[in-house]
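S.K.: Got a sequence here, can you build the structure:
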Amino acid sequence: MADLAARDPDAAARVLAAAARAFDPRLRAAARTLAARLPLGTPRTGTPERAGTSRVVTRRDPAGSDVDLDATLAARGAEPRWRAEHLHTRGWRSTGRAVVLLVDASGSVAGDELAAAVLTAAALVQRMRPGDELGVVAFWSRAVVLRPLSADPRVDVVVDRLCDLRGGGTTDLELALRTAAAQLARSRAADRQVLLLSDGVATDSPDPVDAASSLARVPARLQVLALSGEEEAMSSCAALAAAGGGAVAALHRPSQAPAAVRELIG
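M.R.: This is a model prediction of the structure:
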């Protein structure tokens, strides 16, 4: 497998994705172990952007320790009535990063799609620093939290969850984005992002662009890994990323995952 990965990393990823679902439990376990150990490039290094572990910030959140009156009044503006979203409070927030990986499982989750999801998750884990958080959500007509947002996730656990995934059916992108937002809303990280792995085409969903825009209330950004190079897919992915304050990177082959994660997440 090491030799194949050196010669053709995409082929190696496909073989492991297929073997990770094998009937034979020993083959299945061995493939998942190897999938979690595929070479992914250089880990995230360097000095954190901000010193310390937490800081006091203002946010739209009723759970803060003190009301920020100036921000609350500014949010209300000239509106005649108070609304819950006007309330801004001040509280402690971690200087780390929280990322929710949203995996589109509306088609057949196998082959390139599964390999790309596994390599993306592994690349995210590799780029985490102490205190960073990662969650994984799969979606089709439903949204399933495969791993709740938490610090220091084990890559082998994430790979197991993805390899056990069985999706199919329609694509509810709006539900997926709302589920990711709910996960991130519980985080105190200063940098909160959703990383969407999809072709961006919603087949059974309210307008997902509105849900992408609403991530600003968390606040969080939406980054999109485009699984398809077709014009409709790229246009949909670009619209979602623009609405969510993020960017788009192509992920048309599994081996592109590490570079695409670095491009979008840093």
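S.K.: Neighbours of Met234, how many?
M.R.: Neighbours of Met234 under the rule other C-beta atoms under 10 Å: 17. Backbone N, C-alpha and C define where each C-beta goes, glycine included.
S.K.: How confident was the prediction at it?
M.R.: At Met234, the predicted lDDT confidence score is 94.
S.K.: same check, this time on the one 5 residues further on
M.R.: Looking at Ala239, its pLDDT is 96.
S.K.: likewise the one 4 residues further on?
M.R.: According to the model's per-residue confidence, Ala243 sits at a pLDDT of 96.
S.K.: mind checking the backbone torsions on the closest residue to it other than its chain neighbours?
M.R.: With C-beta to C-beta, 6 or more residues apart in numbering as the criterion, Ala243 has its nearest non-adjacent residue at 3.9 Å, and that residue is Ala212. The phi and psi values for Ala212, taken as degrees, to the nearest 10, are phi -60, psi -40.
S.K.: Identify the residues contacting Ala212.
M.R.: Leu177, Leu222, Leu240, Ala241, Ala243, Gly244 (C-beta atoms under 8 Å, 6 or more residues apart in numbering).
S.K.: what's the farthest-apart pair in those?
M.R.: Greatest spatial distance among the contacts of Ala212 (C-beta to C-beta): Leu177 and Ala241, at 11.9 Å.
S.K.: After the worst-scoring helix or strand of the chain on mean pLDDT, which helix or strand is next?
M.R.: In the chain, no helix or strand scores lower on mean pLDDT, DSSP states H and E than strand 54-59, which sits at a mean of 55. Beyond strand 54-59 on the C-terminal side, the first helix or strand identified by DSSP states H and E is strand 66-67.
S.K.: where does the residue of the chain most remote from its centre fall, helix, sheet strand or coil?
M.R.: Taking C-alpha atoms, centre = their mean as the measure, the residue most remote from the mean C-alpha position of the chain is Pro80, 38.0 Å away. Here Pro80 is coil, with the state taken from DSSP: H, G, I helix; E, B strand; the rest coil.
S.K.: can you tell me how far it sits from Val67?
M.R.: Note on Pro80: its distance to Val67, by C-beta to C-beta, to the nearest Å, is 20 Å.
S.K.: before we move on, what about Phe139?
M.R.: 36 Å.
S.K.: Could you tell me which ranges of the stretch 1-150 of the chain sit under the pLDDT cut-off?
M.R.: For the stretch 1-150 of the chain, the stretches flagged by pLDDT under 70 are 39-65, 90-95, 108-110.
S.K.: What segments of it are helices?
M.R.: 2-7, 9-19, 25-35, 69-76, 111-126 (DSSP state H, counting those that start in this stretch).
S.K.: Quick one, which of the ones you listed gets closest to Gln183.
M.R.: It's helix 111-126; of those, that one is closest to Gln183 (C-beta to C-beta) at 14.2 Å.
S.K.: Tell me which residues of that closest one come out buried.
M.R.: For helix 111-126, the neighbour count (16 or more other C-beta atoms under 10 Å) marks 112-125 as buried.
S.K.: again, but for stretch 255-266
M.R.: Ser255, Gln256, Ala257, Pro258, Ala260, Val261, Arg262, Leu264, Ile265.
S.K.: Repeat that for stretch 141-150.
M.R.: Ser141, Ala143, Val144, Val145, Leu146, Arg147, Leu149.
S.K.: Now do the second one against Leu27, distance only.
M.R.: In other words, Ala143. Remark: distance between Ala143 and Leu27 (C-beta to C-beta) = 31 Å.
S.K.: what does the first one give?
M.R.: In this view, Ser141 and Leu27 are 31 Å apart by C-beta to C-beta.
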